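>>> Okay, predicted coordinates and the sequence, questions at the end:
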Amino acid sequence: MTDAVKSAKPVLYINGDSHSAGAEAVVPFSFAEDDPWEFPPPNRQPHPKNVVASFGNVLADLLGWDAVNNSESASSNQRIIRTTEEWLADNPKPNLVLIGWSTWNVKNGCTKAHIIR
């Protein structure tokens, strides 16, 4: 998902569901692919204009830190844990980890068309 930040600044790692991704904070789209004028499908990443306005990214800006936001709308807690563990295993240790947990009833799953997370 999100690449490592190589900077002398402290790093805030953020993961969670639509609330942490800033869904619909700036533009009325949760996913980049929902915005057909800028991002053709398939693109399940959060809309970049919304991520910048997410509470985690705003906090990082206020602190003067770099933000790594791995959040995605409709994420299950399983996805949040899995992608956080993967990112932490492959990147330098962040200064702070901020997790916005999903609800208990959101689950991972699959259809013939795509993976539902």
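In hand now; what should we look at? This is a predicted model, so every value here is computed, not measured.
>>> what about the residue minimising distance to the centre of the chain, which helix or strand?
The centroid of the chain falls nearest to residue 71 when counting by CA atoms, centre = their mean (1.7 Å). Using DSSP states H and E, residue 71 falls within no helix or strand.
>>> Residue 15 and residue 36: what is the separation?
27 Å (CB to CB, to the nearest Å). (Glycine included, C-beta is placed from N, CA and C.)
>>> which one of the two has more residues nearby?
Between residue 15 and residue 36, counted using other CB atoms under 10 Å, residue 15 has the larger neighbour count: 28 against 9.
>>> excluding its backbone neighbours, what's nearest that one?
Leaving aside its sequence neighbours, residue 15 sits nearest to residue 70 (CB to CB, 6 or more residues apart in numbering; 4.4 Å).
>>> Show the pLDDT at the one you found.
Residue 70 is assigned 94 on the pLDDT scale.
>>> next one: residue 116
For residue 116, pLDDT reads 54.
>>> residues near residue 89, how many?
7.
>>> ugh, wrong one, residue 92
11.
>>> Residue 15 looks like it's in a strand, true?
Yes. The assignment for residue 15 (DSSP: H, G, I helix; E, B strand; the rest coil) places it in a strand.
>>> so it makes contact with residue 77?
No. Counting by CB atoms under 8 Å, residue 15 sits too far from residue 77 to count as a contact (10.3 Å).
>>> Test my guess that residue 84 contacts residue 16.
No. With contact defined as CB under 8 Å, residue 84 and residue 16 do not form a contacting pair (9.5 Å).
>>> ranges for the strands of the protein?
11-16, 66-69, 96-100, 109-110, 115-116 (DSSP state E).
>>> Distance to residue 56 for the ones you listed - can I get that in CSV?
Output for the strands of the chain, formatted as CSV (distance: least, CB to CB, whole Å):
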stretch, distance to residue 56
strand 11-16, 3
strand 66-69, 6
strand 96-100, 5
strand 109-110, 26
strand 115-116, 24
